[in-house]
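Enquirer: this is the structure alone, sequence omitted:
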Ligand code: SAM
Ligand code: SF4
């Protein structure tokens, strides 16, 4: 396939560059008349893969499309524009995306005016973009994580100039404020506090796909939280690849602990944050989480491995011992805290003994929840160049053993809630059994329960009758609607 001269293709080497240049802040977004009505009488459909950052980006994409007078559609078959917001963290995420693009071929065959766009982290990957260019002609638009705000112009070119357009920038990135947003939830909202990542863990593609660490100002964040509170939102999650690196790039002396306290003082009922890196986890942060009732007693603390040599090769900047010390401190100083983690098995050349150290840590920490992954080589990262002698059957076996181990503790932890009452923020009727309701406890536990006259957004006290590994069952006692 011929590469057109005006296409901008991703460049992982350029994406890796970090300078001390000031981050540009852009807070002006305006639609010109020639793009404002493109969507009149047309519909859009957005499919989102991957992490919360992607979900939040999809809310911005939807906000921009709404501003262009498009309407959302329930199915891709009814849409004029389909955007697939992608994830590149592991190979299987990419395979799912390619599967979805493949399925859309039939829809495109029946409607040649359909614009199928691929955006997000996968679009930042050189190899994948070439695969899509060559093998998926139904994809007419590709753009990355740095130019969401330019969607109106890109759509104009694709729709009216009948172009196939690829515009993927590989750069440190800016901070955009005031982009339109169409929130997908009425009670819970994501709030970006920073973008990008400078940690460069050796296995991870994120620093290449999302640019350098850049924080929003505290004023903008607090303004957004106060607006959400005014609009009746009950829970916010502060988002960043490393939320606790917040502020390091700003010319101020405030950090994540300062921000967290200020957000708590808005008195929005529930505050969560995702993800905190063990290396940046300060004592001040622990004190703030312990001090404010509206900061939920839940910490996601990715461990990745329980072996110090593997952690060093991963570039994680902490040892197994220092992780343990931090874990103990969090558990001792935040009453009732629940702690979850991420673990990778089968990092290049991980030995049986090193894997055993990971199991030892799981046996020590007894996590409330674990997200476990088999290492997936990502082209362009240092780990992908490491020779790997561990057969894939061994990796799968390790994953199964790890899952069995943490599942046992998750059930044990949940059992401690039996006979107790927890406050649940209701998501709505359960998808599996619409005669029951579902929601989350402060500790981020999924609670399914029976009750009457309950709706999404209510706070309900639930008596826990039965604990399972991934959720708990109970019955509603009373309402606490305004808490
Ligand atoms: N910033 C967070 C941190 O430092 O822990 C994690 C963000 S990353 C998108 C989410 C999780 O994906 C990581 O914690 C890691 O366990 C997993 N992950 C990242 N790259 C991976 C890879 N190449 N193979 C397998 N799992 C990976
Ligand atoms: Fe990836 Fe490491 Fe950055 Fe987390 S801290 S996003 S794992 S590079």
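Expert: Here it is on my side, so go on. This one's a predicted model, so the numbers in the text were calculated from it and none came from an experiment. Ligands and ions are numbered 1, 2, ... in the order given.

Enquirer: gap between residue 84 and ligand 2?
Expert: 21 Å (C-beta to the nearest ligand atom, to the nearest Å). Every residue, glycine included, has its C-beta placed from N, CA and C.

Enquirer: now that residue. Its backbone dihedrals?
Expert: For residue 84, the backbone dihedrals are phi -110, psi 110 (criterion: degrees, to the nearest 10).

Enquirer: quick check: it vs residue 60, distance?
Expert: If you measure residue 84 against residue 60 using C-beta to C-beta, to the nearest Å, the figure is 15 Å.

Enquirer: where does the stretch 1-150 of the chain come near ligand 1, residue by residue?
Expert: Neighbours of ligand 1 within the stretch 1-150 of the chain, by C-beta under 6 Å from any ligand atom: 51, 89-90.

Enquirer: if we use 5 Å, what do you get?
Expert: Where the stretch 1-150 of the chain comes near ligand 1, counting by C-beta under 5 Å from any ligand atom, the residues are 89-90.

Enquirer: need the helices for the stretch 1-150 of the chain, in chain order.
Expert: Listed in chain order, the helices of the stretch 1-150 of the chain (DSSP state H, counting those that start in this stretch) span residues 12-16, 33-36, 52-67, 91-110, 126-135.

Enquirer: need the residues of the stretch 251-400 of the chain near ligand 1, please.
Expert: Counting by C-beta under 5 Å from any ligand atom, the residues of the stretch 251-400 of the chain near ligand 1 are 275, 277, 302, 342, 344, 373, 375-376, 378.

Enquirer: of these, closest to residue 227?
Expert: Proximity of those to residue 227 was ranked by C-beta to C-beta; the top entry is residue 275 with 24.3 Å.

Enquirer: spit out the contact partners of that closest one.
Expert: 240-243, 300, 302 (C-beta atoms under 8 Å, 6 or more residues apart in numbering).

Enquirer: what's the closest of these to residue 294?
Expert: For those, the residue nearest residue 294 by C-beta to C-beta is residue 243; the value is 16.6 Å.

Enquirer: neighbours of residue 21, just the number please.
Expert: The local packing of residue 21 (other C-beta atoms under 10 Å) involves 8 other residues.

Enquirer: so which residues on the stretch 51-200 of the chain come close to ligand 2?
Expert: Where proximity means C-beta under 5 Å from any ligand atom, the interface of the stretch 51-200 of the chain facing ligand 2 comprises 197, 199.

Enquirer: tell me the buried residues in the helix or strand residue 154 falls within?
Expert: Residue 154 belongs to helix 151-160 when elements are defined using DSSP states H and E. Buried positions in helix 151-160, judged by neighbour count with 16 or more other C-beta atoms under 10 Å: 151-159.

Enquirer: what does stretch 414-434 give?
Expert: Taking 16+ other C-beta under 10 Å as the neighbour-count basis, stretch 414-434 is seen to contain the buried residues 414, 417, 422-428, 430.

Enquirer: filter those residues down to the ones in strands?
Expert: Mapping the buried residues of stretch 414-434 onto strands (DSSP state E) picks out 422-428.

Enquirer: can you list the weak-confidence ranges in the stretch 351-483 of the chain?
Expert: Applying pLDDT under 70 to the stretch 351-483 of the chain flags the ranges 478-483.

Enquirer: helices along that one, start to end?
Expert: In order along the chain, the stretch 351-483 of the chain carries the following helices (DSSP H, counting those that start in this stretch): 352-365, 392-415.

Enquirer: and the last one, what does it pack against?
Expert: Read that as helix 392-415. Identification of packing neighbours for helix 392-415 by 3 or more C-beta pairs under 8 Å, 6 or more residues apart in numbering; DSSP states H and E yields strand 338-345, helix 352-365, strand 369-374, strand 459-467.

Enquirer: dump these to a markdown table, plus mean neighbour count.
Expert: Converted to a markdown table, those look like this (neighbours: other C-beta atoms under 10 Å):
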| stretch | mean neighbour count |
| --- | --- |
| strand 338-345 | 22 |
| helix 352-365 | 17 |
| strand 369-374 | 18 |
| strand 459-467 | 19 |
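
Enquirer: figure out which of those is closest to ligand 2.
Expert: Ligand 2 sits nearest to strand 338-345 of all the helices and strands packed on helix 392-415, at 8.0 Å, using C-beta to the nearest ligand atom.

Enquirer: re earlier: can you redo the helices of the stretch 1-150 of the chain as JSON lines with mean pLDDT and mean neighbour count?
Expert: Output for the helices of the stretch 1-150 of the chain, formatted as JSON lines (pLDDT from 0 to 100; neighbours: other C-beta atoms under 10 Å):
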{"stretch": "helix 12-16", "mean pLDDT": "95", "mean neighbour count": "16"}
{"stretch": "helix 33-36", "mean pLDDT": "94", "mean neighbour count": "13"}
{"stretch": "helix 52-67", "mean pLDDT": "97", "mean neighbour count": "20"}
{"stretch": "helix 91-110", "mean pLDDT": "92", "mean neighbour count": "15"}
{"stretch": "helix 126-135", "mean pLDDT": "94", "mean neighbour count": "16"}
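
Enquirer: residue 387 is nearest to which of these?
Expert: Proximity of these to residue 387 was assessed by C-beta to C-beta; the nearest stretch is helix 91-110, lying at 18.4 Å.

Enquirer: any idea of the angle that closest one forms with helix 126-135?
Expert: Taking axes from the mean of the first three to the mean of the last three C-alpha atoms, to 10 degrees, one finds that helix 91-110 is oriented at 20 degrees with respect to helix 126-135.

Enquirer: please name every helix or strand in contact with helix 91-110.
Expert: Using 3+ C-beta pairs under 8 Å, 6+ apart as the contact criterion, the secondary-structure elements in contact with helix 91-110 are strand 81-86, strand 115-120, helix 126-135.

Enquirer: ok, residue 300 touching residue 278?
Expert: No - with contact defined as C-beta atoms under 8 Å, residue 300 does not count as touching residue 278 (10.8 Å).

Enquirer: for the residue lying closest to residue 212 once chain neighbours are set aside, give me its contacts.
Expert: Closest residue to residue 212 apart from its sequence neighbours, by C-beta to C-beta, 6 or more residues apart in numbering: residue 172 at 4.1 Å. Listed by C-beta under 8 Å, 6+ apart, the contact set of residue 172 reads 17-19, 21, 23, 196, 211-212, 214.
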